[in-house]
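S.K.: show me how the following folds:
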Amino acid sequence: MTDDTAQAHDTTTAHESPGYRLGEPGDVVIHAGPRQSPRIVSVPTRHSEHLIDLAAGEDLFDSVTGLLESLDVSGLMVEFADGEFGRIDYVYPAYGPDAEHPMSFTSEFHHDGPAELRHASATVGKKDGVPFTHIHASWLTGEGLVKGGHLLPGTLVGPKGMRLRVFALADAQQFSEADPETGFFAFAPTATDSPTSESVPSSAVISRVRPGELIDDAIVAICRAAGFDTAEVRASLGSTTGTVFTDSSAPWPAVEFTHLTGSVSGALGDNSQVSLEGEVVDVAGEVHTGQLALGANPVAVTFELLVLSR
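M.R.: So this is what the prediction gives:
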């Protein structure tokens, strides 16, 4: 949902029905704090792609944040390609305490023992001046259960190791800061002072999308602003107000995406085409996968989008 679970709302330990009316999947949530502008914050950037292998037993958060230094960049987006978790510490979405604050997180859960990676994505930047990462993931346990959520420090790489597809952003950095609108922390991109960034065409855009914006419309707007007629969405994560897939749905008020990928064509014309696939974790801890219905999925708290020119 956000890049940090530390916020003012109460947490719950299980799937508890709240004492207020529930909305339908895709219903917009108006947060209690002052509305912020702009609703989409984007930074064009050059990017490079890297396949990185993590060894068994590595601390996942330390390894991922350490890539900022080893790749000599200020911002990263990461897709988890293959591998295995060892210990997993995590939370997942929960109902908030009242109708004005309907979104929160569960208390911490722990999984000990190997679990096969299904999907995961990460945003990597800084918080309070030190490297920080936001990771959503899903996994298959040894008992055959599919689980997922917002990972926490303490999570380890499993015995089979793990492979990452890393998108290094040459001209963009990301900072996690408290959001007065939602009461949560969230990453927002800013431009670096790269001396060559103005002379070399951008190959990607990193964006933060605020609550209530339809995710597919936001992606088209990002492409148009960047001059990308054809583009690919990779390594993106965040939350929507439930999810409306083309053939099913996940419940309101928030789900967390373990990944969002897809394509855009004709973005600079009058008949843009968008196709998006994603996997989400809901307020019951259930995992759902499918193709997103268009015009039906507004952002819940924040969305961190990586769009690549193609």
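
S.K.: count of neighbours near the spatially closest residue to residue 276 that is not a sequence neighbour?
M.R.: Leaving out its chain neighbours, the residue that sits closest to residue 276 by Cβ to Cβ, 6 or more residues apart in numbering is residue 262, at 3.7 Å. In short, each C-beta sits where N, CA and C put it, glycine included. Neighbour count for residue 262, taken as other Cβ atoms under 10 Å: 20.

S.K.: please apply the same query to the one 10 residues further on.
M.R.: Residue 272 has 18 neighbouring residues, counting by other Cβ under 10 Å.

S.K.: now do the contacts for the closest residue to residue 118 other than its chain neighbours.
M.R.: Among residues not flanking residue 118 along the chain, residue 138 sits closest, at 4.2 Å (Cβ to Cβ, 6+ apart). Residues in contact with residue 138 (Cβ atoms under 8 Å, 6 or more residues apart in numbering) are 118-120, 146-148, 258, 279, 281, 287.

S.K.: report the separation between the nearest residue to residue 88 once chain neighbours are set aside and residue 282.
M.R.: Distances taken as Cβ to Cβ, 6+ apart put residue 111 closest to residue 88, at 4.2 Å, once the chain neighbours are dropped. Going from residue 111 to residue 282 by Cβ to Cβ, to the nearest Å gives 18 Å.

S.K.: more neighbours: these two, which one.
M.R.: residue 282 (22 against 19).

S.K.: correct me if wrong: that one contacts residue 289.
M.R.: No - here residue 282 lies out of contact with residue 289, judged by Cβ atoms under 8 Å, at a distance of 11.8 Å.

S.K.: follow-up on the earlier one: who's in contact with the residue nearest to residue 88?
M.R.: For residue 111, the contacting residues are 85, 87-88, 90, 139, 141, 147, by Cβ under 8 Å, 6+ apart.

S.K.: dump stretch 191-210 to PDB, restricted to CA.
M.R.: Below are the C-alpha coordinates for stretch 191-210, written out as PDB (Å, rounded to 0.1, in the frame of the first residue of the first chain):
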ATOM      1  CA  ALA A 191      15.500  14.600 -10.600                       C
ATOM      2  CA  THR A 192      19.200  14.200  -9.900                       C
ATOM      3  CA  ASP A 193      21.800  16.800 -10.900                       C
ATOM      4  CA  SER A 194      23.300  14.500 -13.600                       C
ATOM      5  CA  PRO A 195      25.400  16.600 -15.900                       C
ATOM      6  CA  THR A 196      24.500  14.600 -19.000                       C
ATOM      7  CA  SER A 197      20.800  14.100 -18.400                       C
ATOM      8  CA  GLU A 198      19.700  17.000 -20.600                       C
ATOM      9  CA  SER A 199      21.700  15.900 -23.700                       C
ATOM     10  CA  VAL A 200      20.700  12.300 -23.800                       C
ATOM     11  CA  PRO A 201      17.100  11.200 -24.500                       C
ATOM     12  CA  SER A 202      15.200   9.700 -21.600                       C
ATOM     13  CA  SER A 203      14.300   6.000 -22.000                       C
ATOM     14  CA  ALA A 204      12.000   5.800 -19.000                       C
ATOM     15  CA  VAL A 205       9.800   7.700 -16.600                       C
ATOM     16  CA  ILE A 206       9.400   7.000 -12.900                       C
ATOM     17  CA  SER A 207       6.200   8.300 -11.400                       C
ATOM     18  CA  ARG A 208       4.200   8.600  -8.200                       C
ATOM     19  CA  VAL A 209       0.400   8.500  -8.700                       C
ATOM     20  CA  ARG A 210      -1.800   9.900  -5.900                       C
END
